Structures are given as structure tokens and as C-alpha cells.
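Undergrad: After the sequence you'll find the predicted model.
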Amino acid sequence: TSTSLSDDEFVAAAQRRHVYVYDRNGVELHCMRRHVDVNRLTFLPYHMLLVSVCNRGRLRYHDVSTGDAVAEHRTRLGPCDALCHNPANAVVHCGHANGVVTLWTPNQREPVVRMRCHRGPVRAVAVDTHGHTMVTAGADARVKVWDLRGGRG
């Protein structure tokens, strides 16, 4: 998986063991060794934070402007197959194998919201640009639309 950083100047790519940062010419600039066995990536452009989740369920926030690790949380729900962020408030949404979507911020050790969305694994999560609606797709062959202002589907 990969994501662009800061106006397509740089790209972060999760490879077999670590996350690597490349410039637009494909030159490797940095290897993030703390991000191990990464499954999904997302980038918070206004905060300059690269967010990764690994196959063991660890959610990591990394400040790409300073190179510092900001936060690391254990989701305690196993691998996360879906990851995105709310562009309105930068809350990170993780879809898990048990049908739960958790919402995270870097300053909270526990998820700020935990929603039971599907009977099976969550395969995709997306949030609209205004941050009011979340759409989830599950292995149960259902797509659900959620109002984030009230948590209703």
C-alpha cells in the first residue's frame, strides 16, 4: 500500500518489512523502521502525520516534518484491512475483521468511538470531504452509509 505526502512531492510505500519514503523521481529518501509489517497507510496533510496500521493491530502516527514518532496504539482487534481519515477533523477510521470500525486520535490511548458496522470483516471505509458521512463495505456483501454526527446507519 502507498500514499502520497505533501502535494505528490513524496510517496510513502509500505513494503515487505518497513515503510519507505521516495521522492517524485523514485529515489529512496528514508526508511521508517518502526513501522513493521504495515497493512495500510493514510496521510493527514494538515498535521503532516503519516498513519500506519500493521497486521498485528498497532496503529502508529509519525510526523513526517520532524521525523518523530508521535503516538502508537494497540487496537486489540487484530489486523486492520481498512484505514482512512476524516478530512474534516483528522480522526482515523480503522475497519477490523470482527466487523467493528474504530475511530482514533493520536492523543487518546483508546478509540474515541467503536461502532459495530458489519457481521463479518470490514473491507473498506471511506469518509466524505465534509466529514459528516462514513461508508463501510463488509465481507457480508453489504455497503452501509453512516451519519457520523449521530452515529446512525
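TA: Received, thanks. Numbers count the residues shown, from 1 in each chain.
Undergrad: strand partners of the helix-or-strand element of the chain with minimal mean pLDDT, parallel vs antiparallel please.
TA: Every helix and strand in the chain was compared by mean pLDDT, DSSP states H and E; the lowest is strand 2-5, with a mean of 86. Strand pairing for strand 2-5, determined by DSSP bridges: strand 10-14 (antiparallel).
Undergrad: List of residues touching the partner strand?
TA: 1-5, 19-24, 29, 32, 35, 38-41, 43, 50, 52, 64 (C-beta atoms under 8 Å, 6 or more residues apart in numbering). C-beta: built from backbone N, CA, C; applies to glycine.
Undergrad: can you rerun that using 6 Å?
TA: With C-beta atoms under 6 Å, 6 or more residues apart in numbering as the test, strand 10-14 has contacts from 1-5, 19-23, 38, 41, 50.
Undergrad: Distance from the least confident helix or strand of the chain to the middle of the chain?
TA: Centre-to-centre, strand 2-5 and its host chain are 12 Å apart (C-alpha atoms, centre = their mean, to the nearest Å).
Undergrad: now do stretch 81-93
TA: Centroid displacement of stretch 81-93 relative to its chain, using C-alpha atoms, centre = their mean, is 6 Å.
Undergrad: From H18, how far off is the most far-flung residue of the chain relative to its centre?
TA: For the chain, the residue at maximal distance from the C-alpha centroid (C-alpha atoms, centre = their mean) is N25, at 25.6 Å. According to C-beta to C-beta, to the nearest Å, N25 and H18 sit 20 Å apart.
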